[in-house]
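**Student:** Build me a model:
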Amino acid sequence: MNIKNSILRTQFFQNLAQLCDNPPCVEISHGKNCFLYDTSGKEYIDFISGISVSSFGHNNKKIIDAVKCQLDKHLHIMVYGEYIISPQVELAEKVLSYLPENLSKVYLTNSGTEAIEGAMKLAKRYTGKHKIVACKNAYHGSTQGALSIMGNEFYKQAYRPLLPCVEFMEYNNSSDVDFIDDNTACVVMEPIQSETGYNPANPDYLIKVREKCDETGALLILDEVQSGMGRTGSLFAFEKYGVVPDILVLAKAFGGGFPLGAFISSDKIMKSLSENPPLGHITTFGGHPVSCVASLAAFDIINENNFLYAVKEKGNLIRTLLNNNFGEENITGEGLMLAINFESEQKCQNVISYCLDKGLIADWFLFAPNRLRITPPLVIENDLIQKACNIIIEADKNT
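**Tutor:** Here you go, the predicted model:
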């Protein structure tokens, strides 16, 4: 380690808030496609995409060119929603062109957490109700409201009191839909529960949740922060269920590598934020024009030749390569949103460390630390998938 790197490492620990005891402390100098490079020149295969953010690779030319073009025009102008800013308008039109008719108005935010907060407020304001139903072991963000609907007490017990009137049902347990009643403003859930190790909703369960929401007047909020933008092989994961949410939440890959989120609903529902009182939700930087043009470029990439079909095929290839070693029952998820189940948290951490040493970036899950996260950029090539899977298998055998 040279002197400059040593100083930077010292400053990293001295000046930046640390949230865990042993961060890997890899200093990344640059990235290209599915690779990241540290300051010594070592090459790493990025097999997690910054937790499903860099879905279109690092320094994607289409995204970079769009951003450079926008930089020559303007950056921030005014609080979102006040002035007509063409990248925001164009992005809203683009997103809505892929969605059912009832999802017709877009509110752009900075992040998934902020989008969740806005969606919760919208549901309470529209319905006039106060109760929120979420799922056990769900993760929707870390702000006070999002933390209130986190379905894991360990990570939120130190921050109480949080929002009242939040109840939790067991994910994929149809009998628990009775938690949804006439006092329920909304149900917040993921079509693929992320931080438990990518567990998809059972179709019958999600249909029953939708029916119970219709029966009680509750709004169904689907969090597609991780599963959206083609990650599962469909543009949005909810499409395969035949279930349409009242509010859809997007972020992460939605920004093409830039900070961007959104909550999307009907004109009728969204209008409730504009009256009694007006300005029911405000964001300064939400829908930043640079983030919006990056998102538009990301949609252009998704529209290229058989992009979504290729995601499904790449997911199938990973399963094929890993099944013989780990067993089909120990691999969960859909598309390029997969997890490997290990016998213990320590084993998983050993595998992650081995992979990093061999030039593969892997990760674990917040509520399933014994599971290995596999979320490579969607543009990854088959030969790189083969190489990455071989490293994981080698890590399993040598740790």
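**Student:** ok, the residue minimising distance to the centre of the chain - contacts?
**Tutor:** With distances taken as C-alpha atoms, centre = their mean, Gln226 lies nearest the centre of the chain, 2.3 Å away. For Gln226, the contacting residues are Ile51, Ser52, Glu190, Ile192, Ser194, Lys252, Met337, Thr375, by C-beta atoms under 8 Å, 6 or more residues apart in numbering. Using the backbone N, CA and C atoms, a C-beta is placed for each residue, glycine as well.
**Student:** Would you map the helices across the stretch 101-250 of the chain?
**Tutor:** Shown for the stretch 101-250 of the chain, the helices assigned by DSSP state H, counting those that start in this stretch span residues 112-127, 144-148, 203-216.
**Student:** which of the residues in the second one are buried?
**Tutor:** Across helix 144-148, burial judged by 16 or more other C-beta atoms under 10 Å covers Gly145, Ala146, Leu147, Ser148.
**Student:** that older thread, would you turn the helices of the stretch 101-250 of the chain into TSV with distance to His288?
**Tutor:** Shown next, in TSV, are those (distance: least, C-beta to C-beta, whole Å):
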stretch	distance to His288
helix 112-127	12
helix 144-148	21
helix 203-216	33
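**Student:** Counting only strands, which of the contacts of Gln226 make the cut?
**Tutor:** Among these, the ones falling in strands (DSSP state E) are Ile192, Met337.
**Student:** Neighbours of the closest residue to His288 other than its chain neighbours, how many?
**Tutor:** Of all residues beyond its chain neighbours, the one nearest His288 is His76 (6.3 Å), with distances taken as C-beta to C-beta, 6 or more residues apart in numbering. Using other C-beta atoms under 10 Å, His76 has 13 other residues around it.
**Student:** Enumerate every residue touching His76.
**Tutor:** Under the contact definition (C-beta under 8 Å, 6+ apart), the residues listed for His76 are Thr284, Phe285, His288, Pro289.
**Student:** Ala92 now?
**Tutor:** Contacts for Ala92 were tallied using C-beta under 8 Å, 6+ apart; they are Val106, Leu108.
**Student:** Mind pulling up the pLDDT for it?
**Tutor:** Here the pLDDT value assigned to Ala92 is 98.
**Student:** my read is it is in a helix, agree?
**Tutor:** Yes - counting by DSSP: H, G, I helix; E, B strand; the rest coil, Ala92 falls inside a helix.
**Student:** now it: how far from Cys355?
**Tutor:** From Ala92 over to Cys355 the distance is 40 Å, taken as C-beta to C-beta, to the nearest Å.
**Student:** Show me which residues of stretch 136-152 are buried.
**Tutor:** Within stretch 136-152, judged by 16+ other C-beta under 10 Å, the buried ones are 136-141, 145-152.
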